[in-house]
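A.B. asks: quick one, structure for this:
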Amino acid sequence: MNDREPAGWPWLRERLVRLRQSSRTGVAPGATADAGLPAVVVRTAVVTDSAAALPAEWVKDFAAGGRLTVVPMPVMVGEEIYGEGEDDITDIIAVALATGRPVKTSRPSPGQFEHAYLAALRHGFEAVVSVHISGALSGTADSARLAATRVGIPVEVIDSKTVGMALGMGVQSAVVAAADGRPAAEVRQFAEERMDRTRVYFYVPSLEQLRRGGRIGAAASMWGTMFAIKPILAVVDGKIVPLEKVRSAARAVARLEEIVVADAAARPAGQARLAVHHFGNPGGASELAARLAAALPEAPPAQISSLPAVLAAHAGLGVLAVIVGESSTPQPGPARDGH
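C.D. replies: I've put the predicted structure just below:
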């Protein structure tokens with residue numbers, strides 16, 4: 001099954017295209033864009049990492065001119081090191097996990113972020129907002145902070161305290177705000193506010209891979225392995241925490257669905273936005289998304305996508321994750337002239 005984009009995403013894409021058509025990086029104040037609209041001066045670039053789980057086509061659309069850069073997070077399978085998007089890395093990880101080969105992850109180097117920030121400077125941006133995977137799960141934000149001290153452009157580094165499309169939704173809001181000419185402080189604010197309202201819930205058949213990677217404590221993994229418990233977990237304050245213990249896989253998925261529906265239904269009318277991630281379980285992801293669509297008719301259908309390699313390496317085969325957020329992108333502001 002191919003990953004697909006939900007009904008709500010073309011709206012965001014269209015909005016960004018309109019902003020992009022009426023804005024130029026470094027356009028002089030008062031200039032007019034090709035579309036005949038007042039041009040917006042885009043001064044802030046956005047950088048993130050591959051844990052944001054942004055669809056490749058979406059990134060391709062809005063990476064032009066250095067507005068958005070996604071730094072790949074390395075994954076080591078045996079003695080080989082891979083980056084997101086290389087050599088069918090998710091297939092390689094799946095085989096490695098199934099055969100017991102060691103799979104590890106690492107943070108990007110400060111040099112990778114330094115390269116991204118200097119590229120933004122060369123493109124004429126005046127600042128960078130750099131949004132990253134939870135610092136409790138990875139040292140990526142630390143690498144970004146170190147790189148920020150080495151470059152001649154102001155960099156706002158954000159520890160998202162989340163993962164996957166919960167991070168990705170914050171990045172999307174940041175990209176829209178930047179494209180609207182907002183200063184870096186506002187770009188950061190839009191990203192943080194959206195991520196604060198976004199939740200991550202997931203089911204894993206086994207906690208062993210999370211335990212091996214140090215992402216969940218040995219005590220927490222013990223009740224999953226000793227008693228055949230099928231855990232439902234969440235990301236809270238940047239950490240993976242057990243949410244509920246369920247006795248069977250079928251009941252775990254059903255309970256995951258109930259939790260997501262309750263959360264989404266409590267959001268402002270028509271504002272809930274969903275994403276479903278999986279690793280090695282496309283059928284289960286598709287079925288779960290269909291049931292969520294039936295239960296939440298006001299919400300656009302969920303985006304379905306494979307977990308990024310760096311998250312799949314820790315979650316293990318069979319994982320199902322649901323991100324619940326809200327439609328929260330900046331409204332167009334008045335033409336900005338830099339004053």
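A.B. asks: show me where the stretch 151-300 of the chain has helices.
C.D. replies: Remark: helices assigned in the stretch 151-300 of the chain by DSSP state H, counting those that start in this stretch are 164-179, 184-196, 208-212, 218-226, 249-265, 282-295.
A.B. asks: swap that for the stretch 1-150 of the chain, please
C.D. replies: For the stretch 1-150 of the chain, the helices defined by DSSP H, counting those that start in this stretch cover 8-21, 56-62, 89-99, 110-122, 140-148.
A.B. asks: TSV for those helices, including distance to V129, mean pLDDT and mean neighbour count?
C.D. replies: Where C-beta positions appear, they are placed from N, C-alpha and C, glycine not excepted. TSV is the format used below for the helices of the stretch 1-150 of the chain (distance: least, Cβ to Cβ, whole Å; pLDDT from 0 to 100; neighbours: other Cβ atoms under 10 Å):
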stretch	distance to V129	mean pLDDT	mean neighbour count
helix 8-21	16	55	16
helix 56-62	14	84	16
helix 89-99	27	82	17
helix 110-122	10	97	19
helix 140-148	11	98	22
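A.B. asks: can you redo these as a markdown table with distance to A293?
C.D. replies: Shown next, in a markdown table, are these (distance: least, Cβ to Cβ, whole Å):
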| stretch | distance to A293 |
| --- | --- |
| helix 8-21 | 12 |
| helix 56-62 | 21 |
| helix 89-99 | 25 |
| helix 110-122 | 37 |
| helix 140-148 | 33 |
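A.B. asks: so which of the ones you listed is nearest A45?
C.D. replies: Proximity to A45, assessed across those by Cβ to Cβ, is greatest for helix 110-122 (3.8 Å).
A.B. asks: what's in contact with that closest one?
C.D. replies: Residues outside helix 110-122 that contact it (Cβ atoms under 8 Å, 6 or more residues apart in numbering): 45, 47, 66, 69, 71-72, 128, 130, 143-144, 146-148, 150-153, 155.
A.B. asks: run the last query once more with 6 Å
C.D. replies: By Cβ atoms under 6 Å, 6 or more residues apart in numbering, the list of residues contacting helix 110-122 from outside reads 45, 47, 66, 69, 71, 128, 143-144, 146-147, 150-151, 153, 155.
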